[in-house]
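> the following block contains a protein sequence and its predicted model.
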Amino acid sequence: MFAQPVHAREPQGLAPDTDRESMIWIPGSDFVMGSDKFYREERPARRETVGGFWIDLNPVTNAEFGNFVAATGYVTASERTPDPAMYPDADPSFLVPGSLVFTKPPGPVDLRDYRAWWAYVPGANWRHPEGPDSTIDDRWDHPVVHVAFEDVMAYADWAGKELPTEAEWEFAARGGLEDATYAWGEEFAPGGQAMANTWQGRFPWENLAGDGYESTSPVGAFPANGYGLRDMIGNVWEWTASAYSLPHAGIGKPSCCQPRPSDDRAANRVVKGGSHLCAPNYCLRYRPAARQSQPLDTSTTHIGFRCVRRAPAPAI
């Protein structure tokens, strides 16, 4: 049975400023986590248990993040000059405020070299997703991007929330379906309907935008899952609180969505859900079981987040 969005009277223990119109209660349960069908880092499929929690209906938007910045004066990592001591081998030209931006090449490229489509762009940040000449004036309802782990933790602390664990995130993304390939079932586009914002065409140079979007999309532009949650799959990857580890030996190849592979996995966090850059010819990771390792200090044009509250269940 699918859980439904709950807008009941305020449950005991839930912060009084919680906007229950924007959070959904997910009852805890056990479920099949991971997958044996796709990439090695998802294996093995196994039973896990999570407790109940509230989770944001949507990924945090530019408007919501803007409210946080306006209230606190917070400056994101991509807006600050990197500390040279942390990057002793870096080209000095990169030691300026900026972030990683996806840049579509003009034609086919070697898929073994992510540098063909990722570039560190000075001046790129959450306000200027593609660089200093870009804006979010028409994207206030899109997920915020170019947020490093410390940025999302700062937002969560301000909002009185937390980041979900990987298990909580995956359980919520599955929407009540047991061990399904996608968040909505086994068919990628049932009846020809696009269910998430992903890449159509040959990555990274041909994006047919068959789902209506070539980059990020407004939150809620695609159908919600069985729990009523939007954009759990596609649009942007989402940070979790879980440190990256492998449930078995073997790493698997880096994906289109991992612009800077890192061997220091203990210092990385898991990101989930895939993004608008995930394509079946290279990165079939728009599935609940899919996962990537993300360096804490790295922000990109396709990673965002949503938050949770762990509080008593709502009174019915």
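On my side now, so go ahead.

> where does the stretch 201-316 of the chain have low pLDDT?
247-266, 315-316 (pLDDT under 70).

> rerun at 80
246-267, 311-316 (pLDDT under 80).

> hey, where'd the helices end up in it?
Assigned helices in the stretch 201-316 of the chain: none (criterion: DSSP state H, counting those that start in this stretch).

> separation between residue 195 and residue 74?
Going from residue 195 to residue 74 by C-beta to C-beta, to the nearest Å gives 34 Å. Yep, even glycine has a C-beta here, placed from its N, CA and C like the rest.

> between those two, which one's more packed in?
residue 195 (20 against 14; other C-beta atoms under 10 Å).

> ok, that one - contacts?
182-184, 188-189, 222-223, 233 (C-beta atoms under 8 Å, 6 or more residues apart in numbering).

> would JSON lines of these with distance to residue 291 be doable?
Below are the contacts of residue 195 laid out as JSON lines (distance: C-beta to C-beta, whole Å):
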{"residue": "182", "distance to residue 291": "15"}
{"residue": "183", "distance to residue 291": "14"}
{"residue": "184", "distance to residue 291": "19"}
{"residue": "188", "distance to residue 291": "19"}
{"residue": "189", "distance to residue 291": "23"}
{"residue": "222", "distance to residue 291": "21"}
{"residue": "223", "distance to residue 291": "23"}
{"residue": "233", "distance to residue 291": "13"}
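
> which ChimeraX command selects the buried ones in the residues you listed?
In ChimeraX, this line selects whichever of these come out buried by 16 or more other C-beta atoms under 10 Å:
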select :182,183,184,188,222,233
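
> poorly predicted segments of the stretch 1-150 of the chain, please.
1-21, 93-94.

> report the beta-bridge partners for the residue nearest to residue 33 when sequence neighbours are not counted.
In space, and not counting its chain neighbours, residue 33 is closest to residue 48: 4.2 Å by C-beta to C-beta, 6 or more residues apart in numbering. When assigned by DSSP bridges, residue 48 has beta-bridge partners residue 31.

> please look at residue 48 and residue 30 and confirm they touch.
Yes. Under the criterion of C-beta atoms under 8 Å, residue 48 makes contact with residue 30 at 6.7 Å.

> the more surrounded of these two?
When neighbours are counted by other C-beta under 10 Å, residue 48 and residue 30 differ, and residue 48 comes out ahead with 16 against 10.

> and the more buried one, what does it touch?
With C-beta under 8 Å, 6+ apart, residue 48 has these contacts: 30-33, 167, 171.

> reformat these as a markdown table; add distance to residue 293.
Below are the contacts of residue 48 laid out as a markdown table (distance: C-beta to C-beta, whole Å):
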| residue | distance to residue 293 |
| --- | --- |
| 30 | 25 |
| 31 | 22 |
| 32 | 22 |
| 33 | 17 |
| 167 | 16 |
| 171 | 20 |
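
> which SSE is residue 172 in?
Using DSSP states H and E, residue 172 sits within helix 166-174.

> show me what that helix is packed against.
With contacts defined as 3 or more C-beta pairs under 8 Å, 6 or more residues apart in numbering; DSSP states H and E, helix 166-174 has these neighbours: strand 23-26, strand 29-33, strand 46-50, strand 53-56, strand 237-243, strand 268-272.

> quick check: angle from that helix to strand 46-50?
Interaxial angle of helix 166-174 relative to strand 46-50 (axes from the mean of the first three to the mean of the last three C-alpha atoms, to 10 degrees): 100 degrees.

> what are the contacting residues of helix 166-174?
26, 29, 31, 33, 48, 50, 53, 55, 164, 180, 183, 225-227, 229, 232-233, 238, 240-242, 270, 272-273, 288-289, 291, 308.
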